[in-house]
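Engineer: my questions are about this predicted structure, shown below with the sequence.
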Amino acid sequence: MNSSRPSSASAAARSHATTLLQRGIGHLNDEKYPHAQALFREILAEDPQHADALHLLGVTLARQSQFAEAEKSIRAALAQRESGTYRRDLAWTLLWQGRDGEAIEAYRAAIGHGVREARVFNNLGNLLKKRHSIPQAEACYREAIATDPRYAVAYSNLAMLQQDAGQLEAAGENLREALKLDGNSPHLWQCYGGLLERMDRIEEADEAYCRGGRWEAAQYVRRREAHWRQLDEIDTAALSMVAQGTADNLTPWCLLGIPSLTPELHRDAGARFAQSRWRGELAAPFMVARGAGLAAALARCAAGERLRVGYLSADFYDHATLRLLAGVLELHDAARFDVHLYSYGPDPDATARERFAHVRGTWHDLSALSDAQAAAQIAHDGVHLLVDLKGYTTGARLGITALRPAPVVVSWLGYPGSLGHARLADYVISDAIVSPPAMAAHYSETLALMPQCYQPVDHRRHGAAVPTRAQAGLPETGFVFCSFNQTFKFNAPMSALWARLLKATPGSVLWLLDPGSGRARGNLRQFYADQGVDAARVIFAPKLPQESHLARLPLADLALDTLPTGSHTTGSDALWAGVPMVSVPGTLFAGRVGASLLHAVGLDELVARDLDAYFQIALGFAFDAPWRARVRDKLAAARGTAPLFDTPAFTRDLERLYMAIVEREAHGTRGDRTPVIAR
């Protein structure tokens, strides 16, 4: 009789554990995580080696974003029993900790142990795509589809892979199949709209975005096409999505044309975008601790060694970047700064190669590396200060900076605003006009302020011979207002103001950069016609090579800045060519650059306090020939003296700012949000 008691007790214990396990699974499925967790822990209190309880406790913890503890629990389960299901869920915890390599191995192990789930193949494909293992990623997406032909996400991921490879028709077929399976998915409609936009099928892209309720994308393509009807309602819906966090992958850049966008909303949009795009990288341990080694680096600099500065971009060879950055890179003090240029963009053309022949620095091609591999190389090179030049612009790879490969990371030049997430950059380089210290709370970064405009100009730029007005498509006489900004920066209120200027200035014309779209040209002409302006007075300038464009600019009499996003390189191009510009500061970083440019050439008189003053300045400039001559003479003289065009002085100021940032980090005051100023 006594010999049967242990067996009976064990059976009862197993039965009790099974009951608790089933109850726990029910709570887990109902998302009642604290209740599920308590039940699994009760089982483990009696049997610490209960494999299923350890596994399910890990899943419960992972669903509450406690990934490190979840990993520990699932690994304990695997120590008791090998299981494809356990390996699958281990992969999930590793993925969200940014440990992509280990997650790949865990997913492969799960598949090797018989797990055949579309989600597993899809997730493995995503990880392989991040590692630039494109053929393997494609095979995984196709396996996901073969496993579950109704798994819409795999079709869309395969389509994005095909889109990146230029296989646009194949991508369209797969996205349409995904939408048949899940026609209510905003994300799928956004992907399809993006593909149509890339194929220049803008009206269809607009329809796709609207069908999916992707209002932030809809307003952007409408602004690109000067299609301004119903924008107030669409803008309101887009900003509501930002405020409520109801859309994933909502690109902050595309919001910049919305007049009611606030700096706070723009910052928050950046934070949510970063979290949706680089969740794993943002959760991963820092490759290099913030501030690590900087005190020792400063000591070595004092003894004659160089500070190692890295620049990270896909756009070193882009001509817009060339006319800003090349001069600074050429003029860095090679005795004090060891410059490294980390490029993940395309190969340079002949013009870019010629210009960068003068640049001092070590070039590194990261284009074939994954974000983790690229970050590891930067860390291995021992960069002290890493400058990201892209932000949230097209082609950016902020997964690299999210992994923190340097002791201090700085955002500069490419993206006009806060990245929103403190891990992506510690500082943002700006100036006191673009980012007044009183606006510091609108940034996740600490402000690092240049003494003059934050935007440099290449001292080696030059233009070709100035064409005649007839050669440029302009009338022989009459005042020429111009705005060579991208069409998405235009809007109905600003354009109506420009129409008032044209009507108040007989014989004048408005010279705009050709938007490259017949629909956009037609919409702009129709708008001005509706405002009572002859369409012939709106003249579109074809896109030209940079030298030819700079050569024609002096034919304009006055450049008109835009709002809420203003002229950046467009403004400095005009001023360099001797064309004055009228501007009015907005509330966003992107809307205050024009005022900073004008201040840096000594033309504060052309910075208006509001749009009424903007109109009066522009109108007065058109009619007051002596004033116009004085301003143009002043601007011509500024080419040799003004801070905006003094690239050597700008570079020394930038270097002082870098040293001030490093000194703050080295001395352990990095929690101080007081702006850093180059002195």
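Structural biologist: That came through fine. Numbering: from 1, shown residues only.

Engineer: quick one, longest helix in the protein?
Structural biologist: helix 5-29 (DSSP state H).

Engineer: what comes up buried for the helix or strand just after that one?
Structural biologist: The C-terminal neighbour of helix 5-29 among helices and strands, as given by DSSP states H and E, is helix 33-46. Buried residues in helix 33-46, counting neighbours by 16 or more other Cβ atoms under 10 Å, are found at 33, 36-37, 39-40, 42-44. (C-beta placed from N, C-alpha, C; glycine too.)

Engineer: please apply the same query to stretch 244-261.
Structural biologist: Those would be 247, 249-259, 261, for stretch 244-261 by 16+ other Cβ under 10 Å.

Engineer: check which helix or strand residue 455 maps to.
Structural biologist: Counting by DSSP H and E, residue 455 is part of no helix or strand.

Engineer: residue 410 versus that one, what's the distance?
Structural biologist: 15 Å (Cβ to Cβ, to the nearest Å).

Engineer: ok, now how distant is residue 212 from residue 192?
Structural biologist: Distance, residue 212 to residue 192, by Cβ to Cβ: 8 Å.

Engineer: can you list the buried residues in the longest helix of the chain?
Structural biologist: Buried, per 16+ other Cβ under 10 Å, within helix 5-29: 17, 20-21, 24-25, 27-28.

Engineer: can you check stretch 411-418 too?
Structural biologist: Burial within stretch 411-418, assessed by neighbour count using 16+ other Cβ under 10 Å, is assigned to 411-418.

Engineer: quick one: average confidence on that stretch?
Structural biologist: The average pLDDT within stretch 411-418 is 96.

Engineer: what does stretch 231-245 give?
Structural biologist: 93.

Engineer: sorry, back to before: what's the longest helix of the chain in contact with?
Structural biologist: The contact list for helix 5-29, computed with Cβ atoms under 8 Å, 6 or more residues apart in numbering, reads 33, 35-36, 39-40, 42-43, 46-47, 50, 52-53, 56, 59-60, 63.

Engineer: quick check: angle from it to helix 33-46?
Structural biologist: 160 degrees (axes from the mean of the first three to the mean of the last three Cα atoms, to 10 degrees).

Engineer: check contacts around the residue most central in space within the chain.
Structural biologist: The centre of the chain sits closest to residue 392, judged by Cα atoms, centre = their mean, with a distance of 0.5 Å. Residues near residue 392 by Cβ under 8 Å, 6+ apart: 251-253, 270, 273, 398, 415, 419.

Engineer: hmm, back to that, so can I have JSON lines of the buried residues of helix 33-46 showing pLDDT and distance to residue 581?
Structural biologist: JSON lines is the format used below for these (pLDDT from 0 to 100; distance: Cβ to Cβ, whole Å):
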{"residue": "33", "pLDDT": "95", "distance to residue 581": "58"}
{"residue": "36", "pLDDT": "94", "distance to residue 581": "63"}
{"residue": "37", "pLDDT": "95", "distance to residue 581": "62"}
{"residue": "39", "pLDDT": "94", "distance to residue 581": "68"}
{"residue": "40", "pLDDT": "94", "distance to residue 581": "66"}
{"residue": "42", "pLDDT": "94", "distance to residue 581": "72"}
{"residue": "43", "pLDDT": "93", "distance to residue 581": "72"}
{"residue": "44", "pLDDT": "94", "distance to residue 581": "70"}
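
Engineer: closest to residue 224 out of those residues?
Structural biologist: residue 33 (44.5 Å; Cβ to Cβ).

Engineer: is it correct that that closest one is in contact with residue 62?
Structural biologist: No - assessed by Cβ atoms under 8 Å, residue 33 is found out of contact with residue 62, at 10.0 Å.

Engineer: for residue 535, which non-adjacent residue is closest in space?
Structural biologist: residue 525 (4.2 Å; Cβ to Cβ, 6 or more residues apart in numbering).
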